[in-house]
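Peer 1: Show me how the following folds:
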Amino acid sequence: MSLYPPLFAAVVTFLLTYILLFSRAANKIQDIPNERSLHTAPVPRIGGMALIIGMLAGWAMMFNSLTWWILLPLLMLFMVSALDDVRGLSVRYRLLVHIGAAWLLVLGCGVFAQHVLLGVLLLLMVVWVINLYNFMDGSDGLAGGMTFFGFGMYGIAAVLGHDVSLAMLNFSVAAAALSFLYFNFYPAKIFMGDAGSIPLGFLAAAMGVWGWQLNLWPAWFPLLVFSPFVLDATVTLFKRGLRREKIWQAHREHYYQRIVQLGFGHRNTAILEYVLMASVGASALIALQYPETAIVILLVWGGIYLFAMLRLDHLWKVNKNA
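Peer 2: Sure thing, here's the model as predicted:
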């Protein structure tokens, strides 16, 4: 098992991020604080370009292991999202591109041919995961950490399933994210922007589908591995929808945002989320190796998430009324 692709991905990401950080583009393409933001000063939002290019550099060393229905929509999302970071694009146009990318994935992996309704459901889920990754990229080190742990768990699961090629592809994503975190952990010097979060959201779904299609893991495995993001974004947006609020508008109501605002700060929130990500991922691997424990592990995590969310809702309400 060659470790050159992940190592190359990490080195290229580090060097490109460093170069971009001190480039003219860093002063022109910045994340300006708004009502959603947890930061108070402008921060360059071009780090995702380095992360994705670094990852692709690692992938180039094993090009024959790639499949068109992952690479083509990934490149499409990356280019459009990078353009959005630079010039700004309408929500409608971006959503159409997201749907197109999801369609290519679902069509290419063969799910539509297996079952039409399952294909439609998968398409909607992929579009959602693409966007929720972007929603959750709002605190220093959070999305980068989820990328490292999530794709790292995919890679370990692929190794356990004796698919070294898929393992190295996922380890390359994780390695690129780890390099990026050197600059993105609190206090963040650079953000990944849409050019990073949108393609990574797609890959979280795409790699999960690929492993599922190869019978390396059941459908619940990717959902459990990325559950810290999936549940936070889904529950938050569902609650906003029930209150008839515009779910596409900027806000600071995600649970990770509330944890920061309750006094934990960016650094402690990131560390807390890392512990959660590592724990969820490790338990998912255990359930994968011992299928008879899967239902128990899923129920336990369901209880943990329910308790944590109710507790945070209570603390938030008390804090607002204080």
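Peer 1: burial count for residue 213?
Peer 2: Look at residue 213: counted by other CB atoms under 10 Å, it has 13 neighbours. Where you see a C-beta, it was placed from the backbone N, CA and C, and this is true even at glycine.
Peer 1: actually residue 225, sorry about that
Peer 2: Neighbourhood size, residue 225 [other CB under 10 Å]: 29.
Peer 1: Now do it against residue 10, distance only.
Peer 2: Distance of residue 225 to residue 10, computed by CB to CB, to the nearest Å: 21 Å.
Peer 1: Of all the residues in stretch 221-241, which ones are buried?
Peer 2: Using 16 or more other CB atoms under 10 Å as the test for burial, stretch 221-241 gives 221-233, 236-237, 240.
Peer 1: Max pairwise distance over these: which two?
Peer 2: Greatest spatial distance in these: 221 and 240, 28.5 Å, computed using CB to CB.
Peer 1: So which of the buried residues of stretch 221-241 sits lowest on pLDDT?
Peer 2: Within the buried residues of stretch 221-241, residue 240 has the lowest pLDDT, namely 86.
Peer 1: Test my guess that it contacts residue 252.
Peer 2: No. If you go by CB atoms under 8 Å, residue 240 and residue 252 don't touch, sitting 11.6 Å apart.
Peer 1: Which residue is the nearest non-sequential neighbour of residue 178?
Peer 2: Take residue 178 and drop its neighbours on the chain: the residue closest to it by CB to CB, 6 or more residues apart in numbering is residue 148, 5.1 Å away.
Peer 1: Quick one: residues contacting the one you found.
Peer 2: The contact partners of residue 148, taken as CB atoms under 8 Å, 6 or more residues apart in numbering, are 174, 177, 178, 181.
Peer 1: can you give me phi and psi for residue 44?
Peer 2: Here is the backbone geometry of residue 44 (degrees, to the nearest 10): phi -60, psi 140.
Peer 1: Quick check: it touching residue 188?
Peer 2: No. The criterion here is CB under 8 Å, and residue 44 misses it with residue 188 at 9.5 Å.
Peer 1: burial of residue 74, as a residue count?
Peer 2: 24.
Peer 1: Was I right to think it contacts residue 200?
Peer 2: No. At 9.6 Å, residue 74 does not count as touching residue 200 under the criterion of CB under 8 Å.
Peer 1: need the next SSE after whatever helix or strand residue 105 lives in, C-terminal direction.
Peer 2: Using DSSP states H and E, the element containing residue 105 is helix 91-109. The helix or strand immediately downstream of helix 91-109 is helix 111-114, counting by DSSP H and E.
Peer 1: From the contact counts, what lies against that following helix?
Peer 2: Judged by 3 or more CB pairs under 8 Å, 6 or more residues apart in numbering; DSSP states H and E, the packing partners of helix 111-114 are helix 116-135.
Peer 1: what about the residue nearest to residue 216 when sequence neighbours are not counted, how many neighbours?
Peer 2: For residue 216, ignoring the flanking residues on the chain, the nearest one in space by CB to CB, 6+ apart is residue 161 at 3.8 Å. A count of nearby residues for residue 161, using other CB under 10 Å, gives 16.
Peer 1: Need phi/psi at residue 161.
Peer 2: Main-chain dihedrals, residue 161, degrees, to the nearest 10: phi -90, psi 10.
Peer 1: I figured it hits residue 214, correct?
Peer 2: Yes. If you go by CB under 8 Å, residue 161 and residue 214 touch, sitting 7.5 Å apart.
Peer 1: quick one: low-confidence ranges for the stretch 151-300 of the chain?
Peer 2: Applying pLDDT under 70 to the stretch 151-300 of the chain flags residues 247-250.
Peer 1: want to throw the contacts of residue 148 into CSV with secondary structure?
Peer 2: Formatted as CSV, the contacts of residue 148 follow (DSSP: H, G, I helix; E, B strand; the rest coil):
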residue, secondary structure
174, helix
177, helix
178, helix
181, helix
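Peer 1: Present those residues as JSON lines; the columns should include distance to residue 295 and neighbour count.
Peer 2: Formatted as JSON lines, the contacts of residue 148 follow (distance: CB to CB, whole Å; neighbours: other CB atoms under 10 Å):
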{"residue": "174", "distance to residue 295": "28", "neighbour count": "22"}
{"residue": "177", "distance to residue 295": "31", "neighbour count": "29"}
{"residue": "178", "distance to residue 295": "33", "neighbour count": "19"}
{"residue": "181", "distance to residue 295": "34", "neighbour count": "23"}
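Peer 1: Would you reformat those as JSON lines and include distance to residue 78?
Peer 2: Output for the contacts of residue 148, formatted as JSON lines (distance: CB to CB, whole Å):
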{"residue": "174", "distance to residue 78": "18"}
{"residue": "177", "distance to residue 78": "15"}
{"residue": "178", "distance to residue 78": "20"}
{"residue": "181", "distance to residue 78": "20"}
